[in-house]
Each structure stands twice: as C-alpha cells, then as structure tokens.
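In: need coordinates for the below:
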Amino acid sequence: MKILIFSGTADGRRLSYDLASMGHEVTVSVASCTGKAFEEQAHPEIRTVCGRKTAAEMTALMEGNDLIIDATHPYAAEASREIRLAEGEAAKKLLCLKRPESVAPYGTVKVRSAEEAAEYLSGREGNILLTTGSKELAAFEKLSRDRLYVRILPTVPAIQAAEAAGIDSRHIIAMTGPFSRTFNEFLIRAFKISWLVTKDGGPEGGFYEKAAACENCEIPMVLITRPEDGEGLFYEELLKEVCRCASPCVPKGTA
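Out: Sure thing, here's the model as predicted:
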C-alpha cells in the first residue's frame, strides 16, 4: 500500500520506519531539511519530500497514495487543518496520530499560549529558558532580552528569527534535541535560569527530561498546553488500523 505521512516528529519517524518495514511504500513530507535528514536515516526505502506546503500542494502530493497519515507535531494545528482540507479535496482516507498528554511536575504553571506565558512572566523576576522553538519568539517581545535564553534548532532560519527578535548571540543555544536531564540541568545552572518555558512534546520530545531538570533545580516549568483535539488514534491503534486498511498486512520478509 502507498502511504503518505506528514511528519517531522520523532514518533512520526518511528511510524514511517515501522510501516516501511511492513513492506508499504512510504513517502514522508516534512517542513524542514533537518526533518528530511532524520527521515532518510530511518529507513533506506522511505521517500522524503521537504518544504512547507499549501493545501493545494498537499492535495497534489496525495495523488497516487492509498492512505494519508497526519503525524505532525501536536501543536501544529494550522498544518493539520491544511492537511484535512487537502484530504477532502483529494478524497483520500486520513488517519491522525494522537499522543497521550504528559504528566506535568508539581508546581507547573499551565498556560494556553506563548502570549499567555509571556504575560505571566512579565510580572515575575528571573532568567527564562525558552524551549518552545523559534516560531514563538515574537510572543515574548515585551520581556527584557537580558532575561531570555532561547534553545532553537541549529538552522539558518531559526537563528535569523532569534536575531530578528533581538536575542543576543550569547543567549542563543542552537542545538538539535531531545536533551538529557543532565544537560537541561547544566543549562539551568549555567545561565541562572528561574523559569523554563516548554510545550508538551511527550517522551519523544524530551518532556520528562525537562520536567526532571526543573524539579532537581527547584524551578517552575511554564507549560503551554496542547490545542484541544479529540480526534486521532494512539500509536498502536493507528498501526492496527493501517493493517486493517491494507488487509492482509504482512511484514516484509515473512511468509
């Protein structure tokens, strides 16, 4: 079966590997070249398409595929909306990968958006470690740049976004995660961080390593909660549904 996966996440890469190993012809669409590099390492027979796409471009990409899977980031609400629009135009079957919510540590401050996180922190002192990505930096523009330390991907667009937001180069941590608890603790202590701002990226996104570091360093986590979305299937459920759609579903190399 030909399957198109919109991905770029760690569990999306795992999914593409599992489906390719079952013998399916898998194409993965990712937004960035960083995601493309990771996908190409996952399985030699996975085809990867790189670059952000409009709904019309997604519709064209869906042609020739039997099944579409939305495995984009849990916070990529706009991308998921575009995928649903495109799927409707292409008249293809769409499955969505759903992730269980993480258990936040005691004392976590939960907010609904980056703007709400910035508003909360504006009335509180102390350095802030932002681990929400370069796209959210504009939301924190009213906070003193001296307080902000940002951890972003080591890509030209991400670094340019940090510079455009007025972040000093000494406050830019450009690295590819996920990161260990020990490394998170090192950053918190090295930069005298009082607040860590994050999203719920789940185990694959290093959420629990951030949570443990906050607990050990005795600082609060400011958690931007996920957009409400009751749709989708959890990982094992989704695999079973793919097998049902493909029936019979026989792993590659087996009798």
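In: how about the host helix or strand of residue 183, which residues are buried there?
Out: Using DSSP states H and E, residue 183 maps to helix 181-190. For helix 181-190, the neighbour count (16 or more other Cβ atoms under 10 Å) marks 181, 184, 185, 187, 188 as buried. No exception for glycine: its C-beta is placed from N, CA and C like everyone else's.
In: who touches stretch 224-240?
Out: Outside stretch 224-240, the residues that touch it by Cβ atoms under 8 Å, 6 or more residues apart in numbering are 11, 14-15, 18-19, 69-70, 74-75, 77, 80, 95-101, 110-114, 116-117, 132, 197-200, 241.
In: how about residue 199: what's its closest non-neighbour residue?
Out: residue 224 (5.0 Å; Cβ to Cβ, 6 or more residues apart in numbering).
In: any chance you could map the strands in the stretch 151-255 of the chain?
Out: Using DSSP state E, counting those that start in this stretch, the strands of the stretch 151-255 of the chain run over residues 172-174, 193-199, 221-224.
In: what's the neighbour count on the residue nearest to residue 174 when sequence neighbours are not counted?
Out: Closest residue in space to residue 174, ignoring its immediate chain neighbours: residue 154 at 4.0 Å, by Cβ to Cβ, 6+ apart. By other Cβ atoms under 10 Å, 12 other residues sit near residue 154.
In: could you list the low-pLDDT ranges of the stretch 1-150 of the chain?
Out: Flagging of the stretch 1-150 of the chain using pLDDT under 70 yields the residue ranges 33-43.
In: how about the helices of it, start to end?
Out: Applying DSSP state H, counting those that start in this stretch to the stretch 1-150 of the chain gives helices spanning 10-21, 33-42, 55-62, 77-90, 114-122.
In: just these: most buried one?
Out: Highest mean neighbour count among these (mean count of other Cβ atoms under 10 Å): helix 10-21, with a mean of 20.
In: how far is it from where the chain is centred?
Out: Centroid displacement of helix 10-21 relative to its chain, using Cα atoms, centre = their mean, to the nearest Å, is 15 Å.
In: cool, and stretch 126-141?
Out: Put simply, stretch 126-141 sits 16 Å off its chain's centre (Cα atoms, centre = their mean).
In: got it, and stretch 89-100?
Out: That offset, for stretch 89-100, works out to 17 Å (Cα atoms, centre = their mean).
In: tell me the buried residues in that stretch?
Out: 90, 92, 94, 95, 96, 97, 98, 99.
In: can you tell me which of those residues end up in strands?
Out: Among those, the members found in strands (DSSP state E) are 94, 95, 96.
In: apart from its neighbours in sequence, what residue is nearest the last one?
Out: Taking Cβ to Cβ, 6+ apart, and ignoring the residues beside it in sequence, residue 96 has residue 232 as its nearest neighbour in space, at 3.7 Å.
In: count of neighbours near that neighbour?
Out: 16.
In: backbone phi and psi for it, please?
Out: phi 110, psi 170 (degrees, to the nearest 10).
In: quick one: it and residue 169, what's the gap?
Out: For residue 232, the distance to residue 169 equals 40 Å [Cβ to Cβ, to the nearest Å].
In: thinking again about what came up before, so can I have TSV of the strands of the stretch 151-255 of the chain showing mean neighbour count?
Out: Shown next, in TSV, are those (neighbours: other Cβ atoms under 10 Å):
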stretch	mean neighbour count
strand 172-174	18
strand 193-199	23
strand 221-224	22
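In: can you put the ones you listed in TSV and add distance to residue 211 and mean pLDDT?
Out: Output for those, formatted as TSV (distance: least, Cβ to Cβ, whole Å; pLDDT from 0 to 100):
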stretch	distance to residue 211	mean pLDDT
strand 172-174	19	97
strand 193-199	9	97
strand 221-224	6	98
